[in-house]
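Colleague: Next input, structure requested:
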Amino acid sequence: MTSRPHSIAAIAAAAAALLTLAGCAATTAESAPAGELVEGGTITYAHQQEPACVFGGWIEQAYLSYNVLDSLVSLDADHEVVPWLAESWSVSDNGLQWTFQLKPDVKFTDGSDLTAEVVAYNFDYWVNQGGNSTAFAWLGGYYESAEAVDDLTVQVDLSKPYPRLADNLTQGYFGIQSQQALETRTAEENCAAPIGSGAFVVDHWDRGQEIVLTRNDDYTSPPANAEHTGPAYVDEVVWKFVSDATTRVAALKSGEVDAIYDVPAVQWDATGDAGFELLKYVTPGRPQQLTFNTAQGVFTDEKVRQAFAYAIDREEIVESIGRGVIPYEGNGGVSQTTPGYSQKAADWYSQDVDKAAELLDEAGWTGEDSDGTRTKDGEPLQVTLPYFAGSIINADGASILQGVQEQAAKSGFKVDLIPVPQAEAFAGAYSQPDERDIYPGYWTAVTSGILHINWGAGTGGEPNHWNASFTEYPELQAIILEANSEPDVDAQNALYEQAQEYIAEHALAIGVYDRLSTLAVSPGLQGVWQENAQGGPTFYDAHFVQ
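Modeller: Numbering: from 1, shown residues only. All right, here's what the predicted structure looks like:
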């Protein structure tokens, strides 16, 4: 198959007419019948968001960099850590020293060699030089140093045991870059086209339009869970940025693109029925949830938080908007695909408007204004809920939040729902305690260790900026820290469940729905799969058939 003209803009105006809106069910279409593999060709893929850099601490960057940078380890479909750049690894008896044995003869695309010294440099880069804030979030408080034992053996020393270190390193935030490139190229060059040892290299980036990845013909280091060895099958991947979901689906159906990301729930069944392969990954980690600001405002009162939780039929809202595609999630700590998940925490609250009213009465919100909003001492029960529209929250998610707003109003909460554009969100809008009362959002992870990031205490006199409640909870944090260092997986998960139940009992956060990574793929393109740590599209095994 050859490259086609890239005229998605011409499709956008007619997209609404091309789409057939239909009901959906949570089913995945059968894969297209196998055909004869065609070497070469260009995959045109439509993604919904454009990051600032290829590599970094946002999941949208991890999706891209996973196709360009190799990591030490990968996660297979059974949630087991398998080799990638590291052939093997071991942990000392005290859990403080990890040793990784690297594959021999691996080269970066700038010609430099993969060595233990380079890997150690990358660890220090992540933690000390701002490689990305998410890598630092995972390693901070545990990582002490990394050093080369010999050319292919790297030793990582920790300050305290971290038995799930390898699991966390499977995320795209930990792609290994060329030390030579990091030291000799400008920050702008490494941002736009990081140098890895991966299956593809960045050819060029037309900002606002597309980024083109070309095949690394010398590729020798696929992960153990890949479906073939050697270079990728296709010549290039044109990774287009198409923010409008309607336009993406229309482009797929018209043959303008070969695959798309983020299929709207209302189009799920219709797209599968039209013969496209549907892939759905329920992201582990923190789900799309509502965290209450417990440092200041009305939600400092636990009864008011619990009243809000009882006021809403979250499951009904998600089922209505998500049409069986988007999973409801009651757990405010972690999603249902995360190891160590607590169903007890997920089931803690269901809608009970009488209970909500009783709790608000007890909390002193006994008055009511002309709009039906509860009042206390003449002040309305008004809360601010900003959401990052088009970045953290997609169109389906925005509709779900509108449902939350409407149901909360019936129990006397006036929810100011504020869409925040991506540029403002990433510039820090609504990030301070006096700017918001509720935070909706997710954070991908492969273990319940995400609780340490989202609820951990600050260090060195600095607050934990990833704790959306703005409050430290020593009892909760002690449970999470104990879990993070517990070597027995069953005992570790039991502690993580205890932490989730603490969050639920005190209504620090409530779940709404699980974040999805979805793809729709043309029947003539096969071998596309979602990597198992974060659900990003992987094109190494992808190939056209005839």
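Colleague: C-alpha only now, for contacts and for neighbours.
Modeller: Noted.
Colleague: Check the spacing between A226 and P433 real quick.
Modeller: For A226, the distance to P433 (Cα to Cα, to the nearest Å) stands at 45 Å.
Colleague: ok, now E144?
Modeller: In terms of Cα to Cα, E144 sits 32 Å off from P433.
Colleague: ok now do the closest residue to T471 other than its chain neighbours, which residues does it touch?
Modeller: Spatial nearest neighbour of T471, chain neighbours left out: A295 (5.6 Å); criterion: Cα to Cα, 6 or more residues apart in numbering. By Cα atoms under 8 Å, 6 or more residues apart in numbering, the contact set of A295 is P433, S469, F470, T471.
Colleague: redo that, cut-off 7 Å
Modeller: If you count contacts by Cα atoms under 7 Å, 6 or more residues apart in numbering, A295 has them with S469, F470, T471.
Colleague: Surely it is within a strand?
Modeller: No. Assigned with DSSP: H, G, I helix; E, B strand; the rest coil, A295 falls outside any strand and is coil.
Colleague: quick one: pLDDT of it?
Modeller: Here the pLDDT value assigned to A295 is 97.
Colleague: separation between it and R248?
Modeller: Distance from A295 to R248, by Cα to Cα: 41 Å.
Colleague: Likewise for A232?
Modeller: Noted for A232: a distance of 25 Å to R248, by Cα to Cα.
Colleague: Repeat that for E505.
Modeller: Taking Cα to Cα, one finds E505 at 42 Å from R248.
Colleague: Ok, A357 next?
Modeller: 44 Å.
Colleague: More neighbours: which of those two?
Modeller: R248 (31 against 21; other Cα atoms under 10 Å).
Colleague: close enough to count as contact, the more buried one and A46?
Modeller: Yes. Using Cα atoms under 7 Å, R248 makes contact with A46 at a distance of 6.4 Å.
Colleague: between the two, what contacts are shared?
Modeller: Joint contacts of R248 and A46 (Cα under 7 Å, 6+ apart) are V242, I260.
Colleague: so which strand or helix has the nearest residue to A137 once chain neighbours are set aside?
Modeller: Nearest residue to A137, sequence neighbours excluded (Cα to Cα, 6+ apart): I453, at 6.4 Å. Per DSSP states H and E, I453 falls inside helix 450-455.
Colleague: Show me what that helix is packed up against.
Modeller: helix 474-485 (3 or more Cα pairs under 7 Å, 6 or more residues apart in numbering; DSSP states H and E).
Colleague: Extract the CA atoms of the helix it packs on and return them as PDB.
Modeller: Provided in PDB are the C-alpha atoms of helix 474-485 (Å, rounded to 0.1, in the frame of the first residue of the first chain):
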ATOM      1  CA  PRO A 474      -0.500  10.700  57.700                       C
ATOM      2  CA  GLU A 475      -2.500   7.500  58.400                       C
ATOM      3  CA  LEU A 476      -3.300   7.100  54.700                       C
ATOM      4  CA  GLN A 477       0.300   7.900  53.700                       C
ATOM      5  CA  ALA A 478       1.800   5.400  56.100                       C
ATOM      6  CA  ILE A 479      -0.400   2.600  54.700                       C
ATOM      7  CA  ILE A 480       0.700   3.500  51.100                       C
ATOM      8  CA  LEU A 481       4.400   3.700  52.000                       C
ATOM      9  CA  GLU A 482       4.200   0.300  53.700                       C
ATOM     10  CA  ALA A 483       2.500  -1.100  50.700                       C
ATOM     11  CA  ASN A 484       5.100   0.300  48.300                       C
ATOM     12  CA  SER A 485       7.900  -1.600  50.100                       C
END
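Colleague: next structured bit after that helix?
Modeller: Tracing the chain past helix 474-485, the next element assigned as helix or strand by DSSP H and E is helix 489-505.
Colleague: Other residues contacting the next helix or strand after that following helix?
Modeller: The first helix or strand that comes after helix 489-505 along the chain, using DSSP H and E, is strand 509-513. In this structure, residues lying in contact with strand 509-513 by Cα under 7 Å, 6+ apart are 287-292, 309, 314, 318, 326-332, 503-504.
Colleague: Return stretch 146-155 as CSV; C-alpha atoms alone will do.
Modeller: Taking Å, rounded to 0.1, in the frame of the first residue of the first chain, the C-alpha atoms of stretch 146-155 are listed here in CSV:
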residue,chain,number,x,y,z
ALA,A,146,22.8,4.3,39.1
GLU,A,147,26.2,3.1,37.9
ALA,A,148,27.8,0.9,35.2
VAL,A,149,29.2,-2.3,36.7
ASP,A,150,30.6,-3.2,33.2
ASP,A,151,29.6,-2.3,29.6
LEU,A,152,26.3,-4.2,29.7
THR,A,153,25.5,-4.3,33.5
VAL,A,154,23.8,-1.4,35.2
GLN,A,155,23.2,-1.2,39.0
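Colleague: Now do it: distance to the chain's middle.
Modeller: With Cα atoms, centre = their mean, to the nearest Å as the basis, stretch 146-155 stands 31 Å off its chain's centre.
Colleague: now what about it, what contacts it?
Modeller: Taking Cα under 7 Å, 6+ apart as the rule, stretch 146-155 contacts 97-102, 115-117, 120, 123, 156-157.
Colleague: okay, those residues in CSV with pLDDT next?
Modeller: Formatted as CSV, those follow (pLDDT from 0 to 100):
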residue, pLDDT
Q97, 98
W98, 98
T99, 98
F100, 98
Q101, 98
L102, 98
T115, 98
A116, 98
E117, 98
A120, 98
F123, 97
V156, 98
D157, 98
